[in-house]
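Trainee: what follows is a predicted structure for the sequence shown.
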Amino acid sequence: MVRNYESMIILDAKLAPDVIKEIIAKYSTMITSNGGEIVKTDDMGKKILAYPINKATEGYYYIYYFTMDTDIVKILEDNYRIDEHVIRHNLLVLD
């Protein structure tokens, strides 16, 4: 079953801009190579966090809006969890 999703990731703001672009591209590729379709992306840039996360006070926010099969979304979420550069993530079903 294909559903609409919104996924926000917060990356460590201390990363170099080229590393941030590589990580964003990695997840975009992961979505499309697993049969998903990216509808829209939103680069929110660097923002101050509401509370410190692992002693970090700033994070780089990026949002993906995409469609994907429900069985494949687990792969994306598992990769968020093990990526040391992703300090927080959120995955919502929009349907």
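Mentor: Cool, got the structure. Residues are numbered from 1 along each chain as shown.
Trainee: what bridges to Asp69?
Mentor: Val2 (DSSP bridges).
Trainee: which residues in the protein form helices?
Mentor: For the chain, the helices defined by DSSP state H cover 17-33, 73-82.
Trainee: check what contacts the last one and list those residues.
Mentor: Helix 73-82 is contacted by residues Tyr5, Ser7, Ile9, Tyr27, Met30, Ile31, Asn34, Met68, Val86, His89, Leu91 when judged by CB atoms under 8 Å, 6 or more residues apart in numbering. In short, each C-beta sits where N, CA and C put it, glycine included.
Trainee: quick one, which of those residues are buried?
Mentor: Tyr5, Ser7, Ile9, Tyr27, Ile31, Met68, Val86, His89 (16 or more other CB atoms under 10 Å).
Trainee: my guess is the second one contacts Asn90. True?
Mentor: Yes - between Ser7 and Asn90 there is a contact at 6.9 Å, judged by CB atoms under 8 Å.
Trainee: for stretch 67-82, what is the distance to the chain centroid?
Mentor: Distance of stretch 67-82 from its chain centroid, counting by CA atoms, centre = their mean, to the nearest Å, is 10 Å.
Trainee: Gly36 and Tyr5: what is the separation?
Mentor: Distance, Gly36 to Tyr5, using CB to CB, to the nearest Å: 8 Å.
Trainee: also Asp83?
Mentor: 18 Å.
Trainee: now Lys21
Mentor: On the measure of CB to CB, Lys21 and Tyr5 end up 22 Å apart.
Trainee: just the C-alpha atoms of stretch 88-95, please, in CSV.
Mentor: This file holds the C-alpha atoms of stretch 88-95, laid out as CSV (Å, rounded to 0.1, in the frame of the first residue of the first chain):
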residue,chain,number,x,y,z
ARG,A,88,16.5,13.6,15.6
HIS,A,89,14.0,12.4,13.0
ASN,A,90,10.3,12.4,12.6
LEU,A,91,8.2,10.3,10.1
LEU,A,92,4.5,11.1,9.7
VAL,A,93,1.8,9.5,7.6
LEU,A,94,-0.1,12.3,5.8
ASP,A,95,-3.1,10.3,4.6
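Trainee: perfect, that will be all.
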